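K.L.:
predicted model, plus sequence, below.
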Amino acid sequence: MRYLNLTLLSLIISTFIIIGQTQQNIESELILLNVRTGKEKVILREKRHFEAPNWSRDGKFLIINSGGKLEKISLNGKYLGVIDTGFADNCNNDHGLSFDGKWVIISHNDSRVSSPGGNSRIFILPASGGVPRLITANYPSYWHGVSPDNQWVTYCAMRNGEWDIYKTHVITDEEIRLTDAEGLDDGPEYSYDGQWIYFNSHRTGRMHIYRMKPDGSEQTQLTFDEYDNWFPHPAPNNKDVVYISYIENQNGGHPFGKDVKLRMLNVETKVTKDITPVFYGGQGSLNVHSWSPNGDSIAYVRYINDTTN
């Protein structure tokens, strides 16, 4: 039944709003991975929970989320401070930068509102920090992508009990529904050329990667394997798409603390390859756009569950 399934999905998606998902005995590693050579570098390892790296558009630093705050980290792992997000101090792990690098877009768990699917609303503010401006009056809304002209944001949202993908103009706040398929649609992200929005969908009963035109047309499935595939991130070359795969069926969810790996699909050749071995991660490892500006590397988070302490 559609309603029952969506109720279950509402419970699953509530993991979005667990800020930091603080775990005892968890160490977090911030990793830069060159997807062309396979070489990776751990630039930060700390005994705390952080997640969801973004790579700055100028290539000089990373943004991570910890405890609802956005922290800047240098490419050598040096702490560069917290981005001042004003009253929006309960950010979940759906955040990122505009293509011009001037704005940061956040999903803030807004205590002023509530709904069965959560209270996340999308705000925009200067990348250097400042007063957030509300983009999505409706909630819950979880940001994932911005158009190359910086005029539209796309996101997963629950409206009338159904989880689908929407887009909203950053000035007019006009909200447009893009998907209406059975099951959860999530993780929408624009390609660099603006021709496609990539996303993941549970419409077949397993989570797979899809893409569609920015108006919602030509929705096409891209993965057909035995994994649960989440959060596609198209590369600057408009050919490669990196995403995270759960080894086991998660029944429409993307929990923390599971066996996962990162994979890369070339949409021209249709060839998919593993770019990491299986590691301990999931929610928080690769939620949002994290490509380097030159398209050679991505940033992701791996976790170590030290239960010996």
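P.N.:
All right, it came through fine. Residues are numbered from 1 along each chain as shown.
K.L.:
could you check stretch 148-155 and say which residues are buried?
P.N.:
150, 152, 153, 154, 155 (16 or more other C-beta atoms under 10 Å). To be clear about C-beta, it is placed using only N, CA and C from the backbone, and glycine gets the same treatment.
K.L.:
turn those residues into TSV, columns for pLDDT, distance to residue 122 and secondary structure.
P.N.:
Putting the buried residues of stretch 148-155 into TSV (pLDDT from 0 to 100; distance: C-beta to C-beta, whole Å; DSSP: H, G, I helix; E, B strand; the rest coil) gives the following:
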residue	pLDDT	distance to residue 122	secondary structure
150	97	14	coil
152	98	12	strand
153	98	6	strand
154	98	10	strand
155	98	6	strand
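K.L.:
name the helix or strand for the closest residue to residue 200 other than its chain neighbours, please.
P.N.:
Of all residues not flanking residue 200 in the chain, residue 187 sits nearest, at 4.7 Å (C-beta to C-beta, 6 or more residues apart in numbering). Assessed by DSSP states H and E, residue 187 sits inside strand 185-190.
K.L.:
and that strand, which strands flank it?
P.N.:
Pairing partners of strand 185-190, with direction, according to DSSP bridges: strand 197-201 (antiparallel).
K.L.:
what is the subsequent helix or strand relative to the strand it pairs with?
P.N.:
Downstream of strand 197-201 (by DSSP H and E), the next one is strand 208-212.
K.L.:
remind me what that following strand packs against, helices and strands.
P.N.:
strand 197-201, strand 220-221, strand 228-234 (3 or more C-beta pairs under 8 Å, 6 or more residues apart in numbering; DSSP states H and E).
K.L.:
direction included, what does the shortest one pair against?
P.N.:
The reference is to strand 220-221. Here strand 220-221 is paired, per DSSP bridges, with strand 208-212 (antiparallel).
K.L.:
average pLDDT for the strand it pairs with?
P.N.:
Across strand 208-212, pLDDT averages out at 98.
K.L.:
do stretch 91-106 as well
P.N.:
Computed over stretch 91-106, the average pLDDT equals 98.
K.L.:
straight-line length of it, end to end?
P.N.:
7 Å (C-alpha to C-alpha, to the nearest Å).
K.L.:
do the same with stretch 102-121
P.N.:
Counting by C-alpha to C-alpha, you get 20 Å between the two ends of stretch 102-121.
K.L.:
for that stretch, buried residues please.
P.N.:
103-110, 117-121.
K.L.:
that one: how far from the chain's middle?
P.N.:
15 Å (C-alpha atoms, centre = their mean, to the nearest Å).
K.L.:
leaving out the residues flanking it, which one is nearest to residue 93?
P.N.:
residue 52 is the one closest to residue 93 (C-beta to C-beta, 6+ apart), at 3.7 Å.
K.L.:
would you check that residue 105 makes contact with residue 88?
P.N.:
No: here residue 105 does not reach residue 88: they are 11.0 Å apart, not a contact under C-beta atoms under 8 Å.
K.L.:
circling back: in CSV, list the buried residues of stretch 102-121 along with secondary structure.
P.N.:
Below are the buried residues of stretch 102-121 laid out as CSV (DSSP: H, G, I helix; E, B strand; the rest coil):
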residue, secondary structure
103, strand
104, strand
105, strand
106, strand
107, strand
108, strand
109, strand
110, coil
117, coil
118, coil
119, coil
120, strand
121, strand
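K.L.:
and the angle for the strand holding residue 187 with strand 228-234?
P.N.:
10 degrees (axes from the mean of the first three to the mean of the last three C-alpha atoms, to 10 degrees).
K.L.:
show residues contacting strand 185-190.
P.N.:
Here strand 185-190 makes contact (C-beta atoms under 8 Å, 6 or more residues apart in numbering) with 142, 144-148, 152, 154-156, 163-165, 167, 178-179, 196-203, 214, 230-234, 289.
K.L.:
can you check stretch 86-96 too?
P.N.:
16-19, 51-52, 54, 63, 65, 68-70, 85, 104-111, 120, 123, 125, 129-132, 142-146, 155, 283-284, 287-289.
K.L.:
then stretch 222-234?
P.N.:
By C-beta under 8 Å, 6+ apart, stretch 222-234 touches 144, 186-187, 189-192, 196, 198-200, 206-211, 240-250, 254, 263, 265, 267, 272, 286-291, 298.
K.L.:
which among the residues you listed end up buried?
P.N.:
Buried members of the contacts of stretch 222-234, scored by 16+ other C-beta under 10 Å, are 144, 186-187, 189-191, 196, 198-200, 206-211, 240-246, 250, 254, 263, 265, 267, 272, 286-291, 298.
K.L.:
where along this protein do the helices fall?
P.N.:
Along the chain, the stretches classed as helices by DSSP state H are 2-13.
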